[in-house]
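# got a structure for you, letters missing:
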């Protein structure tokens with residue numbers, strides 16, 4: 001059975017660069033993974049603004065991956081699975097009859113590209129993976145890095161991991177992972193993609209998922225990827241404007 005390698009953005013992915021680059025077969029990726037592996041990706045999926053950003057990056061660098069969720073590639077899997085990027089891609093590959101290898105799937109904790117991600121309780125991810133394992137079977141799923149299968153198949157509380165990483169403790173037992181958590185500093189993504197300043201022109205105070213530690217009052221602005229700025233202006237034209 002052919003296997004598809006699916007790349008997440010958990011810190012553990014950093015330990016498998018050589019294996020990723022030597023993999024023979026399709027490689028699917030989540031969100032901004034294109035910044036590191038755009039030349040070998042075959043498909044990318046994620047937040048709509050990031051997919052648009054990935055398309056501009058692809059065309060500007062003469063790359064060839066497809067943009068999932070656009071006319072280039074539409075999902076086949078049941079709507080039941082279309083929630084989180086990683087589990088959606090996993091369900092898509094399994095629905096098509098492929099076995100999968102998951103790399104960079106830490107199921108919570110720090111993210112290579114997203115600051116403060118370790119403070120977000122991602123227990124809901126565990127629910128989705130338990131559904132996938134129940135419906136497709138563990139024999140079709142392989143992990144590079146920590147083997148989450150025993151936890152997913154157990155009766156342990158869904159927040160077992162979250163209790164650790166949200167308190168600042170590495171939730172995975174491997175020594176190499178703990179060292180990564182201690183040393184790694186999340187990329188300032190605005191250094192790698194076209195960016196702009198998003199200005200709050202409303203009377204509301206905003207806290208955006210892309211910058212959760214920032215409270216934007218009237219007149220405040222924050223530097224974000226241009227595609228993200230454009231998303232908020234499109235959604236809330238009376239609330240935001242772009243300062244270039």
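Everything's here; your move. Everything quoted here is computed from the prediction, not taken from an experiment. Numbering: from 1, shown residues only.
# Against which helices or strands is whichever strand or helix holds residue 53 packed?
Residue 53 is located in helix 48-61, with elements delineated by DSSP states H and E. With contacts defined as 3 or more C-beta pairs under 8 Å, 6 or more residues apart in numbering; DSSP states H and E, helix 48-61 has these neighbours: helix 34-37, strand 43-45, strand 66-67, strand 221-225, helix 226-235. C-beta here means a position set from N, CA and C on the backbone, and glycine is covered the same way.
# between that helix and helix 226-235, how big is the angle?
Here helix 48-61 runs at an angle of 140 degrees relative to helix 226-235 (axes from the mean of the first three to the mean of the last three C-alpha atoms, to 10 degrees).
# Name the residues that touch helix 48-61?
The set of residues that contact helix 48-61 without belonging to it, under C-beta atoms under 8 Å, 6 or more residues apart in numbering, is 31-32, 34-35, 38, 44-46, 63-65, 67-70, 193-194, 225-228, 230-231.
# of these, buried ones?
Among the contacts of helix 48-61, those scoring as buried are 31-32, 34-35, 38, 44-46, 63, 65, 67-69, 193, 225-228, 230-231 (criterion: 16 or more other C-beta atoms under 10 Å).
# ok, and for the helix-or-strand element of the chain with minimal mean pLDDT, which residues are buried?
Among the secondary structure pieces of the chain, namely its helices and strands, strand 211-216 has the lowest mean (mean pLDDT, DSSP states H and E), a mean of 81. Applying a neighbour-count criterion of 16+ other C-beta under 10 Å, the buried positions in strand 211-216 are 211, 216.
# Which residues does that strand contact?
115-116, 119, 200, 205-208, 220, 222, 224.
# Looking at neighbours, which among those residues is most surrounded?
Greatest neighbour count in those, by other C-beta atoms under 10 Å, goes to residue 224: 24 neighbours.
# so the nearest residue to it once chain neighbours are set aside is in which element?
Spatial nearest neighbour of residue 224, excluding adjacent residues (C-beta to C-beta, 6 or more residues apart in numbering): residue 198 at 5.3 Å. For residue 198, the element it lies in under DSSP H and E is strand 195-200.
# Name the strands paired with that strand and say parallel or antiparallel.
Each strand that strand 195-200 pairs with, and the sense of that pairing, follows from DSSP bridges: strand 221-225 (antiparallel), strand 240-243 (antiparallel).
# got a list of contacts for stretch 70-77?
Taking C-beta under 8 Å, 6+ apart as the criterion, the residues outside stretch 70-77 that touch it are 43, 51, 55, 66-69, 82, 88, 91-92, 94-96.
# which parts of that stretch are buried?
Applying a neighbour-count criterion of 16+ other C-beta under 10 Å, one finds 73, 75, 77 buried in stretch 70-77.
# Can you convert those into CSV and add a column each for distance to residue 242, secondary structure and pLDDT?
What follows is the buried residues of stretch 70-77, written out as CSV (distance: C-beta to C-beta, whole Å; DSSP: H, G, I helix; E, B strand; the rest coil; pLDDT from 0 to 100):
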residue, distance to residue 242, secondary structure, pLDDT
73, 29, strand, 97
75, 31, coil, 97
77, 35, coil, 96
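# per-residue confidence for residue 184?
Reported pLDDT at residue 184 in the predicted model: 87.
# same question but for residue 1, I mixed them up
Residue-level confidence at residue 1 comes out at 65, pLDDT.
# The one 5 residues further on now?
Per-residue confidence at residue 6 stands at 98 (pLDDT).
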